[in-house]
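> this one's sequence-less:
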């Protein structure tokens, strides 16, 4: 038997024929090789970061105020600011993005001029460099709308940035819902609203979650867009109108600007990675629960 | 259905938290922008100032010296941070020195070259000397590290050596100081220049870099302090017009001896008497 | 019209969301144009391509504003990263869906998702202390086009992997089962059935990653060397348009600042052109089918 048949428990758990053992073997080798390459690079990087960061990590580090420009002390205020920025970003972009995705994929034909225009502009938006978002956010939110260097400006700038990513993935997720479901809902004379919330959204959830995780990932990792919007101040924010330094800016400053900041830069990077793991886990659990809950509801 | 209610509740809570956050905007704020060299120092000073004067807030934003000048002029910031002396055309601003700093050349620790004459430095940066063996080192190409346009470190360096940025043949262009240190420590044949404070701290911390003397004077904080070191600069807070109230109080605090320990901790030289 | 009132409200709301989302890019563009106008008026659009070099700061004598080396830098870094990341990303998605045992697949997906979230600063930091010295040991100065390509490829890879995986998921399982029933091998199924029917999703993946690559700033800034020149080999340093903005924006004053906005506008135009191209290509593909 060929190489591929050793791993028949793939996601499709499908047994395939094996007419071309040679090309088959080469393909398997290439695909698995690519995967191994990616995994190795990832592990190299993560181990490097964790290895250098974990020794400086403690509970105090998470809650303490940074001192001596971040060389000593912790990242308490920076964590709070980061979470607030993410919160603002998601509160704004999630409903907007989901709404836009639903409209584009469910309630308008793909070929109307307006939908094509919106889609086109979203594709462009996805490509706008983050640094340009930073400039835009600085001039629009901070100066034009008078929000100043603040968590709000930062969050809103990030919301603009992750929006296309959210919409794209949500659309992909919605497209994966079989048309029979929609036809079935229509045949049962369900209202659009009910069909949407009870049938279409739950089945599109995996795709939406991918978008959410990608979006959160991109938002939490962002530096360039935040440096001109949410600012550099590293104390506990009083309100959303207060300037607050995000974790990634802290890492940038520690590694590029503060001599002797390497250790805490590594430690902060470790926290950032751990935070990302948490977001991932929460999103997955949430999706799982919602899905189960809704299927249970539907069956009663 | 329980889950749906809890979801709604969560949303309501989030939104109300946002609104109260909005309503709670700060009372009295002083905004400083400018030089990335000064920003970490002033952040620390601001923290101490806030502790001594509860109710007042000092926000420090980073950027660059030219931004410090521009923001102070346009009133976008109350105080600008500028890591050089003010130029003749900037006489509309008032400068208050809070510390001193120097700039020195750095090489990798493994590099046997112990010093470079001013002439050699000029030739290296012009691309006329391209190999370390021409200045008594190993047979290896020199990697010239230069700073990005607009940095006051760059301006000072060019002015001291009488160079023009157009004629500099650089191999790597860096932004902030630590990037320069990391570039040089990772490349045995690199030559760069950074703030002495940064270099001294890193060298003491075990980073494999070496500080070269400038014009025969050893690059150290002590020589910057004594005024012997030729490539030094003041770190200034600048304001448009005579500062008043809050701003003037902060400037007085930042240039007083109350913050000497902070200045030293950030590897700069205090200027207070 | 739907008989339900909630439906009308719903669709109205959704339409609003779509319009607002679509308008953001217009606001960004409007703003970029308005900030670029002073430079375009004072310097004129041609000098950005014909000047002798990029020396925009007035203190260095006559200001010159040649963007060409940075455009070339941006394009070469992006193209190199795409060439490296596309096969790896597609391979990852295929591995995830068709080759990996379920448990390994779950782990691998976690890895990719985590990789997507690693901040560009961390990539840059890591690249600067790991990749750059490595390349330097092969050919000085280390900070080079190659370093940029490597780091950028790692950065955009997860996007292409996750989005192509989502595209594979859309392929009806019946197709795969059918192909298997016909005795097609795994690779033949992927090549003949899965990829063609996932084509539009794969295009999305490529557009998304190209956009990300063009726009990446911090990591590229840290590893590329940032010398304004047209690179003659992959070992030479380059400066990208985005790195240029990040390096100089905080320091730039009037005409210089405006010139940086022109480069931002140029990036936006580049992305717009790319999207148009992808649109035309995918439509031509659909027609030819």
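Arrived safely. Note that this is a predicted model, so its numbers are computed, not measured.
> List the residues that contact the residue in the stretch 51-200 of chain B that chain C sits nearest to.
Scanning the stretch 51-200 of chain B for proximity to chain C using CB to the nearest CB identifies residue B:150 as nearest, at 2.6 Å. In this view, the C-beta of every residue, glycine as well, is placed from N, C-alpha and C. Residues in contact with residue B:150 (CB atoms under 8 Å, 6 or more residues apart in numbering or on different chains) are B:64, B:65, B:66, C:57, C:248, C:250, C:251, C:252, C:256.
> Looking at the residues you listed, which are in strands?
Among the contacts of residue B:150, no residue falls in strands (DSSP state E).
> where's the nearest residue to residue A:279 once chain neighbours are set aside relative to chain B, distance?
Excluding its sequence neighbours, the residue lying closest to residue A:279 (CB to CB, 6 or more residues apart in numbering or on different chains) is residue A:216, at 5.3 Å. Residue A:216 is 16 Å from chain B, where distance means CB to the nearest CB, to the nearest Å.
> just checking, what packs against the helix or strand hosting residue A:216?
Using DSSP states H and E, residue A:216 sits within helix A:201-221. Under the contact criterion of 3 or more CB pairs under 8 Å, 6 or more residues apart in numbering or on different chains; DSSP states H and E, helix A:201-221 touches helix A:76-106, helix A:151-175, helix A:247-256, helix A:262-299, helix C:102-117, helix C:120-126, helix C:145-170.
> Buried residues in the third one, which are they?
Residues of helix A:247-256 classed as buried by neighbour count (16 or more other CB atoms under 10 Å in any protein chain shown): A:247, A:248, A:249, A:250, A:251, A:252, A:253, A:254, A:255, A:256.
> Is the fourth one in contact with residue A:76, as I believe?
No: taking CB atoms under 8 Å as the definition, residue A:250 is not a contact partner of residue A:76, at 11.5 Å.
> which ones are touching residue A:226?
Taking CB under 8 Å, 6+ apart as the criterion, residue A:226 is in contact with A:85, A:134, A:154, A:157, A:158, A:246, A:248, A:249.
> What pLDDT is listed against the nearest residue to the fifth one once chain neighbours are set aside?
Take residue A:158 and drop its neighbours on the chain: the residue closest to it by CB to CB, 6+ apart is residue A:89, 4.1 Å away. Reading off the confidence values, residue A:89 has pLDDT 93.
> now swap in the one 10 residues further on and tell me
Note for residue A:99: predicted pLDDT of 90.
> That one and residue C:231, how far apart?
Note on residue A:99: its distance to residue C:231, by CB to CB, to the nearest Å, is 45 Å.
> My understanding was that residue A:237 contacts residue A:83; is that so?
No: between residue A:237 and residue A:83 there is no contact under CB under 8 Å: 10.4 Å.
> And those two? Which one has more around it.
Per other CB atoms under 10 Å in any protein chain shown, whichever of residue A:237 and residue A:83 has more neighbours is residue A:237, with 22 against 16.
> which SS class is that one?
coil (DSSP: H, G, I helix; E, B strand; the rest coil).
> Once you drop chain neighbours, what's closest to the residue most central in space within chain B?
With distances taken as CA atoms, centre = their mean, residue B:37 lies nearest the centre of chain B, 1.3 Å away. Of all residues beyond its chain neighbours, the one nearest residue B:37 is residue B:83 (4.5 Å), with distances taken as CB to CB, 6+ apart.
> List the contacts of the one you found.
Shown in contact with residue B:83 (CB under 8 Å, 6+ apart): B:34, B:35, B:37, B:38, B:65, B:101, B:152, B:153, B:233, B:235, B:236.
> Done for today, thanks.
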